[in-house]
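Undergrad: from the sequence below, what's the structure:
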Amino acid sequence: MSKKAFTMIELILVIVVISILAALAIPRQKRDLRQEAADNILSAIRYTQHLALMDDKQKFNKAKWQRRFWRIYFGTCENKIFYAIGSDDNMDGSTNGRVDSSEATIDPANGKLIWAHDGASCVTGSLRKSDLSPNIFLGKKYGVTAISASGGCSNMYIGFDHLGRPYNSDFVNSTKPDDKGVITDDCTLSFSSSDNAFDPFNIIITKETGYAYMQ
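TA: Residues are numbered from 1 along each chain as shown. As a prediction, the model looks like this:
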């Protein structure tokens, strides 16, 4: 009685197919930190603009009303770069662009604060680091070690009004109801890594529309 078995040609074909699949899968296992970091930052910028469009912060009869703009800013804690998103809702004078933890927004992905405290520690008061969204820590997650701003940006924070228009840092120092700080040139945020974890990249925020993309 004859037994069925694979022929040599069939075995070779199986080995070839497995080799091809392995060759395609192995490169994908390596993280693309550059793209991951860019995607995270772009999502954060677009979320900030979305909040501004959905939550009208305008109080044209109030001096300093622009301080209420939803803004994203970049800071450093524990010697690592992070970003935060918030609104100086009570206009009490966040002249450095930062907002209190109570004025920060929540990460819809995990229900935690998109906020951290600049300085040696990332938290203050009764907050714990576990209260903060891990997505904000660009230095820890991707190895981002440096950020610079050019073009329409004048600092490490950008605000958006109810029309989605981007504003540079001048908006936080506004003392009268005007359009102080509206970006008139495309803003370029440059991100890099000192340990060569990824190649440098730019995030462009276009004037007027606030559309953001990677360059």
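Undergrad: the residue nearest to the spatial centre of the chain sits in which helix or strand?
TA: The residue lying closest to the centre of the chain (CA atoms, centre = their mean) is Ile41, at 2.6 Å. Assigned by DSSP states H and E, Ile41 falls within helix 33-54.
Undergrad: gap between that helix and the chain center?
TA: Taking CA atoms, centre = their mean, to the nearest Å, one finds helix 33-54 lying 5 Å from the centre of the chain it belongs to.
Undergrad: just how off-centre is the helix or strand just after that helix within its chain?
TA: Downstream of helix 33-54, the first helix or strand assigned by DSSP H and E is strand 70-77. Its chain's C-alpha centre and that of strand 70-77 lie 9 Å apart, by CA atoms, centre = their mean.
Undergrad: when you give positions from now on, start the count at 42
TA: That works, and once the first residue is 42, the last one we named lands at strand 111-118.
Undergrad: in whichever helix or strand comes after strand 111-118, what's buried?
TA: Later in the chain than strand 111-118, the nearest helix or strand by DSSP H and E is strand 121-128. Buried residues in strand 121-128, counting neighbours by 16 or more other CB atoms under 10 Å, are found at 121-128. Any C-beta I mention is one placed from the backbone N, CA and C, and that applies to glycine too.
Undergrad: can I get those residues in a markdown table with pLDDT and distance to Thr225?
TA: Formatted as a markdown table, the buried residues of strand 121-128 follow (pLDDT from 0 to 100; distance: CB to CB, whole Å):
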| residue | pLDDT | distance to Thr225 |
| --- | --- | --- |
| Lys121 | 93 | 33 |
| Ile122 | 95 | 27 |
| Phe123 | 96 | 28 |
| Tyr124 | 96 | 24 |
| Ala125 | 95 | 25 |
| Ile126 | 95 | 24 |
| Gly127 | 93 | 25 |
| Ser128 | 91 | 23 |
